[in-house]
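**Q** structure for the following, please:
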Amino acid sequence: MSPITRRIVQAALYESIAIAVVTPTLALAFSHPPGSAFVLSAVMSTIALAWNYVFNSLFERWEASQAVKGRSLARRIAHGVGFEGGLAIILMPMMAWWLDISLWAAFVADLGLLAFFFVYTVAFTWAFDRIFGLPASAS
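**A** Next up, the predicted model:
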C-alpha cells in the first residue's frame with residue numbers, strides 16, 4: 001500500500017470508529033440531542049482527520065530519520081501523546097463554543113476524551129500495523 005493510501009485508509013477507519021463511540025458519549029454527557037452530538041462528532045472528526053493526515057506525515061518523516069527502526073511501545077506512546085495533545089489544542093475552543101461552555105469546562109470535558117483517545121490511538125495504530133504491516137518509514 002502506498003504511503004498516501006495507507007494514511008487515507010488509516011485515518012478513515014480511525015475516524016469512523018471514533019464517531020461511533022463519541023456521538024452517544026457526547027449526547028449522554030452533555031444532554032444534547034443525538035443529532036446535535038452527531039454533528040459535533042462529525043465536525044470534530046473532520047478536524048481530526050485533517051490533523052491525522054498532517055501529524056502522521058510529520059511523524060513518519062521524523063521516524064524515517066531515526067537510527068532505530070520499528071515501533072516500540074515508547075514510540076507508539078510518543079505518537080499518541082503528540083497526536084492527541086495537538087488535537088486537544090485545536091478542538092477545545094470549538095467544543096466550548098458548540099456546547100456553550102467555558103474554555104475551562106471544555107478543557108475538563110476534553111480530558112475525558114483524551115483519556116479514551118490516548119488508549120484508542122495506541123491500540124488502533126498497533127492493530128492497524130498488525131493487519132496492514134508497518135509503513136516503509138518503520139521497516
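**Q** who's in contact with residue 80?
**A** 118, 121-122, 125 (CB atoms under 8 Å, 6 or more residues apart in numbering). Just so you know, the C-beta spots here come from the backbone N, C-alpha and C atoms, and that holds for glycine as well.
**Q** can you give me the helices in the protein?
**A** Assigned by DSSP state H, the helices in the chain fall at 3-29, 34-64, 73-99, 103-132.
**Q** model confidence for residue 139, exactly?
**A** Confidence at residue 139, expressed as pLDDT, is 69.
**Q** now do residue 14
**A** 90.
**Q** hang on, the earlier thing: nearest to residue 138, out of the helices of the chain?
**A** Residue 138 sits nearest to helix 34-64 of all the helices of the chain, at 6.0 Å, using CB to CB.
**Q** thinking again about what came up before, CSV for the helices of the chain, including distance to residue 138?
**A** Shown next, in CSV, are those (distance: least, CB to CB, whole Å):
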stretch, distance to residue 138
helix 3-29, 11
helix 34-64, 6
helix 73-99, 8
helix 103-132, 8
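**Q** what bits of this structure have low per-residue confidence?
**A** Across the chain, residues meeting the criterion (pLDDT under 70) sit at 139.
**Q** count of residues packed around the nearest residue to residue 11 once chain neighbours are set aside?
**A** Setting aside the residues directly before and after it, residue 11 is nearest to residue 52 in space (CB to CB, 6 or more residues apart in numbering), at 4.3 Å. Look at residue 52: counted by other CB atoms under 10 Å, it has 22 neighbours.
**Q** quick one: residues contacting residue 52.
**A** Residues in contact with residue 52, defined by CB under 8 Å, 6+ apart, are 7, 10-11, 14-15, 83.
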